[in-house]
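Student: below are the sequence and a predicted model for it; my questions follow.
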Amino acid sequence: MYHTVKNRVHRFYYLFMAMSLMCLCACEKVIELNLKGAEKKYVIEAQVTGEAGEAQVLISKTKDFDDNNDFAGISGAVVTIEEEGAATVTLSESAPGVYQHATMQAASGKLYKLTVVVDGQQFTASCRMPERIELDSVYNTSEFVFSSLQNVVNADFQDPPGRGNYYRFVQYINNVRIKQFTVQSDDYTDGRYVNNKLFYFADENSNEPEEIKLGDSVIVEMQNIDQAIYKYWYSLSRSALGGSGQATPANPVTNISGGALGYFSVHPVQSKAFKVK
């Protein structure tokens, strides 16, 4: 009886394995992704700051998924910026797709209107220059990040009373601008003294340093941005990158009318530097 049961078990085992292999072979199929090309859109990245010579507009176009990552600038556009109560200035093309003005600087509280005309299409955007809020101090502290002790940059400032203040922070490490940025609103810090920790995670596909080390030179840039620009950077850092539970990446919210992607930001900017110790 023992040998009979054993032989039956073996026969069942071999039959099961054979059927499994047949199923695996039958289910194997080459899947080809047919990614349809999307309509090309203009991308406009425009800013005016409180510093002279920092008025700049970059114009390019989107590409399909399987195209290369070289985004050529679009030449031949007419780019103007109108200041509330003042004259309209025309930006000159300094390089393909790069439009600048040597002396223009924004004033707090003034409204600015951007107009871009390219290839028979017109795109417009407006932005009011927020009040400048002083960046008090920048320094590093040692913090546990994912159970590892790391140097973290801190930026301290006093948020003024009255909600509606928005901030963007950019870091430079040893003169390398870090792609990662931080945006913040005063929804939970209105009127408070704010300690903002700028946690840093290196981009593996760039020349960014892996971590912030002893002796590194760090520059922190703080921009006071308006609500529309806060929404742009916030949506870019979350849904546009497919993070934070977002299943499908989407274009960030833009303040540009006419069908272009991008943003027009008018903001005060200030920087402070220190060495990591």
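Tutor: Right, received. Where do you want to start? Numbers count the residues shown, from 1 in each chain.

Student: ok, residues contacting stretch 162-173?
Tutor: Contacts to stretch 162-173, defined as CB atoms under 8 Å, 6 or more residues apart in numbering, come from residues 130, 133, 153, 155, 157, 159, 177-178, 180-187, 190-191, 196, 198, 200, 208-209, 212, 216-227, 229-230, 233, 267. C-beta here means a position set from N, CA and C on the backbone, and glycine is covered the same way.

Student: restricting to C-alpha, output that stretch in PDB.
Tutor: Provided in PDB are the C-alpha atoms of stretch 162-173 (Å, rounded to 0.1, in the frame of the first residue of the first chain):
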ATOM      1  CA  GLY A 162      -2.000  87.900   8.900                       C
ATOM      2  CA  ARG A 163      -2.300  84.700   6.900                       C
ATOM      3  CA  GLY A 164      -1.400  84.600   3.200                       C
ATOM      4  CA  ASN A 165       2.400  84.500   3.300                       C
ATOM      5  CA  TYR A 166       4.100  81.900   1.100                       C
ATOM      6  CA  TYR A 167       7.800  80.900   0.900                       C
ATOM      7  CA  ARG A 168      10.100  78.900  -1.400                       C
ATOM      8  CA  PHE A 169      13.600  77.800  -0.300                       C
ATOM      9  CA  VAL A 170      16.400  76.700  -2.500                       C
ATOM     10  CA  GLN A 171      19.800  75.400  -1.400                       C
ATOM     11  CA  TYR A 172      23.300  75.600  -2.900                       C
ATOM     12  CA  ILE A 173      25.900  73.200  -1.600                       C
END
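
Student: mind listing what's buried along that stretch?
Tutor: Using 16 or more other CB atoms under 10 Å as the test for burial, stretch 162-173 gives 165, 166, 167, 168, 169, 170, 171, 173.

Student: any idea of the mean pLDDT in that stretch?
Tutor: For stretch 162-173, mean pLDDT rounds to 97.

Student: picking up where we left off before, out of the contacts of stretch 162-173, which end up buried?
Tutor: Neighbour-count burial (16+ other CB under 10 Å) applied to those gives 130, 133, 153, 155, 157, 159, 178, 181-186, 196, 198, 200, 208, 212, 216, 218-226, 229-230, 233, 267.

Student: from the contacts of stretch 162-173, which land in helices?
Tutor: For the contacts of stretch 162-173, the ones inside helices are 227, 229, 230, 233, with DSSP state H as the criterion.
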